[in-house]
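*Asks:* sequence unknown, structure follows:
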C-alpha cells in the first residue's frame, strides 16, 4: 500500500476520522440524554405494542375464531405477517455474514443495526405461528422431548417442524453473532464510563475483553466461522419457510421455484427495511459521516438486483403456469391477476418490480428522500406479495361451491400493528443502550484503499 | 510470560506492525500486543499460529448432525413409528433440513463456547488492562524483559525508530 492509485474512491467513512474520534462520535449518542424525537417514537411504539398485547390476549382468551379465516382460507393474515417479518430479518444476515465473507468493507457501518433488525424481526415473526396454534401455551409440544404421551415424537417429515428448528436456530445463531460482535465495543463503553452501575453492567457484558492480539486472532477466526455458518443458514431458513407452501398440493404454492424466489424476496424486503431504518437513524442520531450516501447507494444497488430477481420469479411463475397446460395452475395465476383480489397482485407488482426500476438512476440512489419513499413502497409491496401468495391461492379452491373470500378483522390488524410496535420499541431501546455502529470494525476500515496516515512500512 | 514487561505505546496501526517486525527481527520476545481493533497482518508479524477453532467447529457440527440423524431415525422408525401418509418410517431425505439446522446450531454454539474458554473470557471478569485507552485508540506492545536478547539500548532505539509514543515498565504484572 505504498503508493495509492489516483483517483481514489471516496473513503468509506467521511469526515477524516481517527479511531479516537470514532469512539467519541458513536458513544456520544449513548452518553447524551434522549431527544424528544426519541421519546415520541418510543411512546408511539409502546402504544402500538400495548394495542398488540391487548389484541393477542383477547384472541388467545377467545380463540382464533376472532380472525377472518374460514374453511377455505385457513391461512391468511398471521402467516403473511410471519413470512413478512422473517424476510425482513434476512437482510441483516446478508449484510453481517455474506458481505463479510465477500470482504465488502462498507458493511461495517450498517452491520450492527442490521443484525439488531434481524433479531427483532425474528422475534416479531415468531409470535405469529405460536398464536396461530390456537393454544399457544402448548407451543413447547413442537420440541421433541421425552413426554408422558408415549413418548409421542414430533413428525420430522413435516415442513412445519422444519420451520420450528430453522427459526429457533436462526434466532439463536443471529443473537450470538450479534452479541459476540458487540463484546469489543462493550469494552470500549466500559472503559469510558464513570464508575457506577453503567460501568458494572458493561463490565459484565464485555466479558473482561482486554484487546489482546491473541484474543483478536481467535475472535477474527470465530467471526469468520459464524459468518460461514450464518450464510447457508439464512438461505436454509427462507427455503424452509417456502417449503411450508411448496410441499403442499395447492396450485400456486406447489412450485419448485419457491425457495430461490423466497430467498431473493426476503433479501429484497429486508434491504428495504434496512434502508428505511438507516435513513431515519443517520438523520436523527447525526451519523451522516458513518452511514454516507455511498452506503445508501450500495444498498440501493442490492435492492435493485433483488427486485429484478423477484420480478423474474413473478414472470417465471406466470410462464410456467401457461406452459404447464395444467388447468388448475393456470386458473390460480389468472385468478391472481384478474380475480377479485387483483388489486393486491398489482400493488405487489408495482411496488416490487416497477417502482424499484427508478433505482437505475444515480440521481435517485443518492437522493436520501427518494430512497426513503421508495423503501416504504418496497416494504408495502413485499407484505402484499406474501398476502397474494397465501390468500389468492386459497380463496378459490377446486370446488366452486367452496369458493370464499377473506377480509381481516380488527383483531388481526391490531396484532400486525402490535408487531410493528414491538419491533420499533426494541429498535429504539437498542439505539439508546448499545453502540449502533460497530466501533471496532469501523476503526479497522478507516484507511481501507489508501495510504496509512504516516509512512509506515506496511 | 515473565513478570518484567516493557510496554511500548503506539498511536498508529502501521507503526505497530513495523515495530513488531523489527522487534521480532532482533530476536526479542513479544509477550502480547493490545489493540483497539483487529489489525490485519499483525498475527503474522507476531508469528502467532492460526487458531484451532475451525476444528472444534467442524467436529462438533459433525457430531451434532450425526446425533440428529440417529435421533430422527430412532424416533420416527423405532421408538414409536407412526404411518404418516404412507411415507416410509425412515424418510432420510425429509430428515435433511432439521439435521442441517441442528448441525449449524451445534457448530456455532460450541465454537463460541470454545472461543470463550480459550480466550478466558467470562461475565464479570475484570479486564487485566495496562491502559484503558486500548479500547479507544491506543496500541501497546508488551516486550519480555527477562530475555537474553533484551538489550535496553537496542530496544529503546528500535521503538523510537518506529514512532513509539511513550514507554512504561511493569513488574509483576497480573497478566
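*Replies:* Thanks, I have it. Fair warning: this is a prediction, and the values are worked out from it, not measured in the lab.
*Asks:* quick one: contacts for the residue minimising distance to the centre of chain A?
*Replies:* Central residue check for chain A by CA atoms, centre = their mean: the C-alpha nearest the mean position is that of residue A:89, 2.0 Å away. When the contact criterion is CB atoms under 8 Å, 6 or more residues apart in numbering or on different chains, the partners of residue A:89 are A:117, A:118, A:119, A:121, A:122, A:125, A:170, A:174, A:266, A:270. C-betas here are computed from N, CA, C, even on glycine.
*Asks:* How about the last one, nearest residue that isn't a chain neighbour?
*Replies:* The reference is to residue A:270. residue A:91 (2.5 Å; CB to CB, 6 or more residues apart in numbering or on different chains).
*Asks:* element containing the one you found?
*Replies:* Taking DSSP states H and E as the criterion, the element that holds residue A:91 is helix A:77-93.
*Asks:* Now do that helix: distance to the chain's middle.
*Replies:* 7 Å (CA atoms, centre = their mean, to the nearest Å).
*Asks:* Where does the prediction get shaky in chain B?
*Replies:* Within chain B, the segments meeting pLDDT under 70 span B:1-2, B:172-175.
*Asks:* Now with 80, please.
*Replies:* B:1-3, B:27, B:127-129, B:132, B:145-152, B:169-175 (pLDDT under 80).
*Asks:* Please enumerate the strands of it.
*Replies:* B:4-10, B:30-34, B:139-144, B:166-171 (DSSP state E).
*Asks:* closest to chain A out of those?
*Replies:* Counting by CB to the nearest CB, chain A lies closest to strand B:30-34 out of these; the figure is 4.1 Å.
*Asks:* What angle do strand B:139-144 and the closest one make with each other?
*Replies:* Interaxial angle of strand B:30-34 relative to strand B:139-144 (axes from the mean of the first three to the mean of the last three CA atoms, to 10 degrees): 160 degrees.
*Asks:* relative orientation of strand B:30-34 and strand B:4-10 in degrees?
*Replies:* 40 degrees.
*Asks:* Please see if strand B:30-34 touches chain A.
*Replies:* Yes - interface with chain A: strand B:30-34 contributes B:32, B:33, B:34 (CB under 8 Å from any CB of the partner chain).
*Asks:* And those, which of them are buried?
*Replies:* For the residues of strand B:30-34 next to chain A, a neighbour count by 16 or more other CB atoms under 10 Å in any protein chain shown gives the buried set as B:32, B:33, B:34.
*Asks:* Output the residues you listed in JSON lines; the columns should cover distance to residue B:162.
*Replies:* Output for these, formatted as JSON lines (distance: CB to CB, whole Å):
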{"residue": "B:32", "distance to residue B:162": "17"}
{"residue": "B:33", "distance to residue B:162": "13"}
{"residue": "B:34", "distance to residue B:162": "16"}
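*Asks:* Could you point out which of those is nearest to residue A:205?
*Replies:* Ranked by distance to residue A:205 (CB to CB), those are led by residue B:34 at 19.6 Å.
*Asks:* contacting residues around that closest one?
*Replies:* So residue B:34 contacts A:210, A:211, A:212, A:213, B:129, B:130, B:131, B:134, B:138, B:139, B:140, B:142 (CB under 8 Å, 6+ apart).
*Asks:* buried subset of these?
*Replies:* Buried among these (16+ other CB under 10 Å): A:210, A:211, A:212, A:213, B:129, B:130, B:134, B:138, B:139, B:140, B:142.
*Asks:* Including distance to residue A:351, could those go into TSV?
*Replies:* As requested, the buried ones among the contacts of residue B:34 are exported to TSV (distance: CB to CB, whole Å):
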residue	distance to residue A:351
A:210	49
A:211	46
A:212	50
A:213	49
B:129	52
B:130	56
B:134	49
B:138	50
B:139	50
B:140	53
B:142	57
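*Asks:* Just the closest of those to residue A:274, please.
*Replies:* Closest approach to residue A:274 among the buried ones among the contacts of residue B:34 (CB to CB): residue A:211, at 29.6 Å.
*Asks:* Report the contact partners of the closest one.
*Replies:* Residue A:211 neighbours (CB under 8 Å, 6+ apart): A:184, A:187, B:34, B:35, B:36, B:129, B:134, B:135.
*Asks:* Torsion angles phi and psi at it?
*Replies:* phi 80, psi 10 (degrees, to the nearest 10).
*Asks:* any residue of the longest helix seen in chain B up close to chain A?
*Replies:* Longest helix of chain B, by residue count under DSSP state H: helix B:92-118. Yes - using CB under 8 Å from any CB, helix B:92-118 reaches chain A at B:94-95, B:97-98, B:100-102, B:104-105, B:107-109, B:111-112, B:115-116, B:118.
*Asks:* Select the helix or strand of chain A having the lowest average pLDDT value.
*Replies:* Of all helical and strand segments in chain A, the minimum by mean pLDDT, DSSP states H and E falls on helix A:19-31, at a mean of 83.
*Asks:* elements contacting whatever helix or strand comes next after it?
*Replies:* Next helix or strand after helix A:19-31 toward the C-terminus (DSSP H and E): helix A:36-62. Packed against helix A:36-62 by the contact rule (3 or more CB pairs under 8 Å, 6 or more residues apart in numbering or on different chains; DSSP states H and E) you find helix A:111-132, helix A:410-433.
*Asks:* just these: most buried one?
*Replies:* helix A:111-132 (a mean of 23; mean count of other CB atoms under 10 Å in any protein chain shown).
*Asks:* Show me what that one is packed against.
*Replies:* Under the contact rule (3+ CB pairs under 8 Å, 6+ apart), helix A:111-132 is packed against helix A:36-62, helix A:77-93, helix A:159-192, helix A:258-285, helix A:410-433.
*Asks:* and the angle from it to helix A:19-31?
*Replies:* Going by the same axes, to 10 degrees, helix A:111-132 makes 40 degrees with helix A:19-31.
*Asks:* Pick the most buried one from the strands of chain B.
*Replies:* strand B:139-144 (a mean of 24).
*Asks:* Pairing partners for it, with directions?
*Replies:* strand B:4-10 (antiparallel), strand B:30-34 (antiparallel) (DSSP bridges).
*Asks:* and the first one, how far from the chain's centre?
*Replies:* Between the mean C-alpha location of strand B:4-10 and the chain-wide mean there is a distance of 22 Å, by CA atoms, centre = their mean.
*Asks:* and the direction of it versus that of strand B:166-171, what angle?
*Replies:* Using the same axes, to 10 degrees: strand B:4-10 against strand B:166-171 is 160 degrees.
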